[in-house]
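Peer 1: Sequence and predicted structure are below.
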Amino acid sequence: MFEAILLPGLKRYSDMGLLLMRCVVGAFLVWGVWDNIHSAVRMREFMEFLAAYGFASPQLMAPVSVWAQCAVGIAFLVGLATRWAGMVCAVHFIVAIVMVDAGNGIRGAFPSACLVAIGIYLALHGAGRFSIDARLERRAGVPPVKDVRLPAT
């Protein structure tokens with residue numbers, strides 16, 4: 001009966017699910033800044049957007065934000081430095097929530113909040129088996145980390 005509720009057989013596909021999540025989120029992040037990378041006009045518009053929301057040094061912060069988001073997206077896609085990319089993603093979108101989305105209510109902040117959660121998840125769990133990170137860990141002989149379990153009550 002518990003098998004019908006818990007579906008333990010799906011666990012064997014968890015790395016494929018993680019790969020799917022990384023690819024969808026990574027592609028979304030790259031897509032979201034691609035216009036800023038390829039168009040000086042769009043980058044200037046983004047600088048003006050940041051200035052309107054009170055960011056310090058928008059001329060510096062706009063390219064830093066765009067290139068950080070692009071780098072995080074690529075890292076997620078290929079599964080390289082995924083834990084670092086997850087931390088950068090979480091911090092990047094916490095700033096977006098605080099500076100931009102906070103006044104837009106939960107619906108307005110939800111996309112950024114999801115990216116914070118996904119960033120934290122990937123920082124804590126890593127990229128999974130289908131990644132460059134996993135290959136590097138195997139090559140370096142890094143033993144897999146066991147999950148920390150809380151004692152049963």
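Peer 2: Yes, it's here.
Peer 1: can you point me to the longest helix in this protein?
Peer 2: If each helix of the chain is counted by residues according to DSSP state H, the longest one is helix 14-38.
Peer 1: Tell me which helix or strand comes right after that one, heading toward the C-terminus.
Peer 2: Using DSSP states H and E, the helix or strand that follows helix 14-38 in sequence is helix 40-52.
Peer 1: OK, contacts around the residue lying closest to residue 81 once chain neighbours are set aside?
Peer 2: Leaving aside its sequence neighbours, residue 81 sits nearest to residue 75 (Cβ to Cβ, 6 or more residues apart in numbering; 5.3 Å). In this view, the C-beta of every residue, glycine as well, is placed from N, C-alpha and C. Counting by Cβ atoms under 8 Å, 6 or more residues apart in numbering, residue 75 touches 26, 81-82, 84-85.
Peer 1: Between which two of those residues is the distance greatest?
Peer 2: By the measure Cβ to Cβ, 26 and 84 form the most distant pair in these, at 13.9 Å.
Peer 1: out of these two, which sits in the busier spot?
Peer 2: Using other Cβ atoms under 10 Å as the criterion, residue 26 and residue 84 rank with residue 26 on top: 23 against 15.
Peer 1: What segments of the protein are strands?
Peer 2: Taking DSSP state E, the chain contains no strands at all.
Peer 1: lowest-confidence helix or strand of it?
Peer 2: Lowest on mean pLDDT, DSSP states H and E among the helices and strands of the chain sits helix 2-6, with a mean of 89.
Peer 1: what about that one, distance to the chain center?
Peer 2: In terms of Cα atoms, centre = their mean, to the nearest Å, the centre of helix 2-6 is found 31 Å from the chain centre.
Peer 1: do stretch 49-64 as well
Peer 2: Taking Cα atoms, centre = their mean, one finds stretch 49-64 lying 21 Å from the centre of the chain it belongs to.
Peer 1: in the protein, what spans have low per-residue confidence?
Peer 2: Scanning the chain with the threshold set as pLDDT under 70 gives 147, 153.
Peer 1: check contacts around the residue nearest the centre of the chain.
Peer 2: Geometric centre of the chain, nearest residue: residue 119, 3.8 Å, by Cα atoms, centre = their mean. By Cβ under 8 Å, 6+ apart, residue 119 lies in contact with 72, 85-93.
Peer 1: Brilliant, that's me finished.
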